[in-house]
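Asker: Below are the sequence and a predicted model for it; my questions follow.
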Amino acid sequence: MKLCKVVVYVPQEAAPDLLQGVAQKGFGRQGNYDSWSITGPVTERFRPLKGAKPALGKINELSSVKSCKVELHCLQGELEALLLEVRRHHPYETPGIEVWKIECPLIKDS
């Protein structure tokens with residue numbers, strides 16, 4: 001089965017809204033389970049540059065923010081819809097998002 005692993009970095013206080021939003025759209029299903037994700041604490045570092053509209057931090061100042069790393073899986077054909085939903089629930093103008101195409105031979109295509 002062709003899947004995508006989507007990793008999103010989101011401020012800790014915004015993580016519950018993001019997770020609930022993607023689950024309500026049907027993402028996070030694994031077999032007979034829903035609302036599946038992997039989360040863990042991380043520290044994001046960034047410096048907003050001229051022209052940015054930062055949700056946190058100040059222009060030209062280096063910031064460190066306690067954030068949450070959220071990992072989700074979806075079918076490759078559902079990737080754009082998942083990314084749209086992630087962006088809808090993310091407070092940053094430029095969210096940190098990684099997409100990995102993966103194969104899962106133990107799960108058969110339906």
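Answerer: Everything's here; your move. Numbers count the residues shown, from 1 in each chain.

Asker: could you point out the longest strand in the chain?
Answerer: Ranked by residue count, the top strand of the chain under DSSP state E comes out as strand 63-75.

Asker: Give the pairing partners of that one; include direction for each.
Answerer: strand 2-11 (antiparallel), strand 38-46 (antiparallel) (DSSP bridges).

Asker: Would you mind finding the most buried of the ones you listed?
Answerer: Among the strands paired with strand 63-75, ranked by average contacts under mean count of other CB atoms under 10 Å, first place goes to strand 2-11 (a mean of 19). In short, each C-beta sits where N, CA and C put it, glycine included.

Asker: Give the next helix or strand downstream of it.
Answerer: Heading C-terminal from strand 2-11, the first helix or strand you meet, by DSSP states H and E, is helix 15-24.

Asker: Tell me the buried residues in that following helix?
Answerer: Going by neighbour count (16 or more other CB atoms under 10 Å), the buried part of helix 15-24 is Ala15, Leu18, Leu19, Val22, Ala23.

Asker: And stretch 67-76, by the same measure?
Answerer: Ser67, Cys68, Lys69, Val70, Leu72, His73, Cys74, Leu75.

Asker: you'd agree the last one is up against Lys5?
Answerer: No - shown here, Leu75 and Lys5 do not form a contact pair, counting by CB atoms under 8 Å, at 11.7 Å.

Asker: so which of the buried residues of stretch 67-76 comes closest to Gly31?
Answerer: Distance to Gly31 across the buried residues of stretch 67-76 (CB to CB) is lowest for His73, with 11.4 Å.

Asker: Run through who's touching stretch 63-79.
Answerer: 1-12, 15, 18-19, 22, 27-28, 30, 36-48, 54, 56-57, 81-82, 99, 101-102 (CB atoms under 8 Å, 6 or more residues apart in numbering).
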